[in-house]
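Visitor: Generate a structure from the sequence data that follows.
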Amino acid sequence: MRNTAAALAFLAVLILPPARCAAAPVVVASKSFTESYILAEIVAQKLERRGLAAERRFGMGGTGMTFDALVAGEIDVYPEYTGTIAEALLKDAGLREWEDISEALKPLGLVMTRPLGFNNTYALAVSPRFGPGKELRSVSDLRDAPPMRIGLSHEFIKRSDGFEALKRHYGLPALTAAGMEHSLAYQAAESGAVDLIDVYSTDAKIEKLGLRLLADDKEFFPRYEAVLLARRDFAESSPEAWKVFSELEGAISDGEMRALNALCDIEKYSFKAAGLSFFGLEGGEKRRKVEWSKLAYRTAEHLALVLVSLLASILAGVPLGVLASRNKFFERTILSVSGVIQTIPSLALLCFFIPLFGIGTWPALAALFLYGLLPIVRNTFLGISSIPASLREMTAVLGLSGMQDIKWVKLPLSSKGIMAGIKTSAVINVGTATLAAFIGAGGYGTFIVTGLALNDIPMMLHGAVPAALLALLIQWVFDGLESLITPAGLKAHLQTSGA
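Guide: Here you go, the predicted model:
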């Protein structure tokens with residue numbers, strides 16, 4: 001792997017992934033839901049069966065992030081759907097036929113295979129625990145339905161062919177919905193926490209959980225035929241790989257896809273096992289098995305992301321905090337900018353960095369560096385600002401230069417506050433680094449993202465628990481460092497004052 005192999009050897013090497021060459025593996029990506037994982041695994045295995053190397057970049061989040069990575073040349077191919085391409089990517093609801101969509105992709109330098117054989121369209125499903133739901137048969141019936149709790153995927157709520165458009169099409173202006181992770185919606189529906197959710201028609205959990213599908217009686221939803229989306233330059237420069245993709249056209253029926261989804265979602269097998277099953281082979285362990293070797297590897301990745309970004313935040317944050325203490329202009333500017341950065345959603349910031357740094361370690365480190373700045377900058381500023389005026393005046397009496405004042409007086413006296421900011425930044429970075437898995441940077445987030453896609457709580461805990469323990473460990477380490485670097489005189493003063 002380009003972005004992880006050096007994590008165990010030396011942190012700096014992680015920042016410099018080797019450049020790709022002509023013989024590089026085909027980078028196969030997926031979005032973060034079960035079916036996308038399975039299709040991407042099938043593509044990767046088919047490439048390998050033909051003697052072509054494949055690099056897996058699975059679970060990259062939603063449509064926008066995965067599409068941006070494709071356009072930026074960071075991935076080569078990923079499974080997509082004709083309806084999503086037309087509505088979400090091309091912004092043209094009138095595109096329904098494969099030929100028309102394919103033609104519209106040409107100006108973007110993109111190509112897609114013919115449909116893989118199944119149609120995974122959206123549908124609305126009613127929870128079996130919703131009593132009045134037994135009377136609902138179609139989406140039109142929602143007009144006269146009693147009040148209900150609706151939980152829909154964030155993507156379905158936001159997209160142009162999503163919830164708002166459906167309400168206009170069916171005349172349902174009074175309906176409101178809460179956004180939630182798609183895989184968690186099934187659990188919410190099963191428990192009765194929500195009454196209505198959006199589903200994909202090939203989802204295996206529909207039948208297992210007893211969800212009632214509402215008929216699309218006014219034909220709102222377009223066809224969502226699965227295809228493989230790639231860049232035209234890749235297809236032209238890698239004809240062997242493109243030929244492999246083409247051989248999957250028409251190869252997967254609705255029933256076969258539903259069975260493959262069930263293998264992972266219900267029978268709890270790995271994506272590798274599902275891919276092997278598609279080719280009529282057996283293999284692959286059930287995914288609930290704890291793989292300690294992978295845990296150690298992901299720990300090294302996660303620790304490298306946190307420590308490298310934290311070091312960068314310290315090197316930039318402390319000087320910025322010192323500068324902010326110089327005058328009101330610097331104070332307002334530096335604290336305001338660092339505060340605004342902290343309000344940007346993590347996934348959005350990662351997405352913004354894809355065109356600049358691609359996917360993998362670089363954008364993750366950049367985002368973590370920025371998120372780590374505010375606590376360090378603010379605490380450095382507050383620590384220096386809280387130094388009594390009498391002590392500041394002594395530096396002038398002693399004739400200390402500006403740098404001597406900072407080095408011998410201000411930083412030592414504010415060291416406790418600075419360390420508190422560094423500890424806060426470190427803990428924040430441990431948690432935020434789990435999102436780096438969405439752009440292929442590895443770490444504990446790999447377990448969490450996969451667990452979310454499969455609604456597999458043990459898998460999620462496999463990443464969440466070590467992340468929490470790592471945050472505690474880092475805090476304890478910095479508590480020890482704080483005790484070591486705090487000047488003896490300052491310790492005595494703090495003990496005397498009861499601080």
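Visitor: And the biggest helix by length in the chain, what's buried?
Guide: As assigned by DSSP state H, the longest helix anywhere in the chain is helix 292-324. Neighbour-count burial for helix 292-324 flags 297-306, 308-310, 312-314, 316-318, 320-324 (criterion: 16 or more other C-beta atoms under 10 Å). Where you see a C-beta, it was placed from the backbone N, CA and C, and this is true even at glycine.
Visitor: That one: how far from the chain's middle?
Guide: Distance of helix 292-324 from the chain centroid (C-alpha atoms, centre = their mean, to the nearest Å) equals 18 Å.
Visitor: can I assume Phe478 is in contact with Ile422?
Guide: Yes - using C-beta atoms under 8 Å, Phe478 is in contact with Ile422, at 6.3 Å.
Visitor: So the two - more neighbours on which side?
Guide: Ile422 (24 against 19; other C-beta atoms under 10 Å).
Visitor: Can you tell me which helices and strands whichever helix or strand that one is part of packs against?
Guide: Following DSSP states H and E, one finds Ile422 within helix 415-432. If contacts are counted by 3 or more C-beta pairs under 8 Å, 6 or more residues apart in numbering; DSSP states H and E, helix 415-432 sits against helix 292-324, helix 361-371, helix 373-385, helix 457-485, helix 488-497.
Visitor: The ones you listed: which one's closest to Lys91?
Guide: helix 361-371 (25.3 Å; C-beta to C-beta).
Visitor: What are the contacting residues of the closest one?
Guide: 3-4, 14-15, 17, 305-306, 308-310, 312-313, 316, 341-342, 346, 349-350, 353-354, 356-357, 425, 428-429, 432-433, 436, 439, 441 (C-beta atoms under 8 Å, 6 or more residues apart in numbering).
Visitor: what ranges of the stretch 301-450 of the chain fall below the confidence cut-off?
Guide: The stretch 301-450 of the chain contains residues with pLDDT under 70 at 390-402, 405.
Visitor: Which residue, other than its chain neighbours, is closest to the spatially most central residue of the chain?
Guide: Central residue of the chain (C-alpha atoms, centre = their mean): Phe438, 3.1 Å from the mean position. Closest residue to Phe438 apart from its sequence neighbours, by C-beta to C-beta, 6 or more residues apart in numbering: Gly61 at 4.0 Å.
Visitor: doesn't Ser32 make contact with that neighbour?
Guide: Yes - here Gly61 lies in contact with Ser32, judged by C-beta under 8 Å, at a distance of 5.5 Å.
Visitor: Pull up the overlap in contacts between these two.
Guide: Common neighbours of Gly61 and Ser32, counting by C-beta under 8 Å, 6+ apart, are Phe438.
Visitor: Mind checking which of the two has more residues around it?
Guide: Neighbours per residue, other C-beta under 10 Å: of Gly61 and Ser32, the larger number sits with Ser32, 22 against 19.
Visitor: before we move on, the earlier item: make TSV out of the helices and strands packed on helix 415-432 and add distance to Ala188.
Guide: TSV is the format used below for the helices and strands packed on helix 415-432 (distance: least, C-beta to C-beta, whole Å):
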stretch	distance to Ala188
helix 292-324	28
helix 361-371	29
helix 373-385	34
helix 457-485	14
helix 488-497	49
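Visitor: Strands of the stretch 151-300 of the chain, residue ranges please.
Guide: Applying DSSP state E, counting those that start in this stretch to the stretch 151-300 of the chain gives strands spanning 178-180, 196-200, 212-214, 226-231.
Visitor: Work out the sheet partners of the second one and label each with its direction, please.
Guide: Going back to what we said before, that points to strand 196-200. Applying DSSP bridges, strand 196-200 is found paired with strand 122-126 (antiparallel), strand 150-153 (parallel).
Visitor: which other residues reach the first one?
Guide: By C-beta under 8 Å, 6+ apart, the residues outside strand 122-126 that reach it are 83, 133, 136, 139, 142, 156, 189, 195-201, 206, 211-214, 216, 221, 224.
Visitor: doesn't Arg114 fall inside a helix?
Guide: No - according to DSSP: H, G, I helix; E, B strand; the rest coil, Arg114 belongs to no helix; its state is coil.
Visitor: contacting residues for the nearest residue to it once chain neighbours are set aside?
Guide: Counting by C-beta to C-beta, 6+ apart, Glu249 is the residue found nearest to Arg114 once chain neighbours are left out, at 4.1 Å. By C-beta under 8 Å, 6+ apart, the contact list for Glu249 reads Thr113, Arg114, Pro115, Leu116, Gly117.
Visitor: same thing but at 7 Å, please
Guide: Applying C-beta atoms under 7 Å, 6 or more residues apart in numbering, we find Glu249 in contact with Thr113, Arg114, Pro115, Leu116.
Visitor: any chance of these in TSV, plus distance to Ala40?
Guide: Converted to TSV, the contacts of Glu249 look like this (distance: C-beta to C-beta, whole Å):
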residue	distance to Ala40
Thr113	14
Arg114	18
Pro115	17
Leu116	12
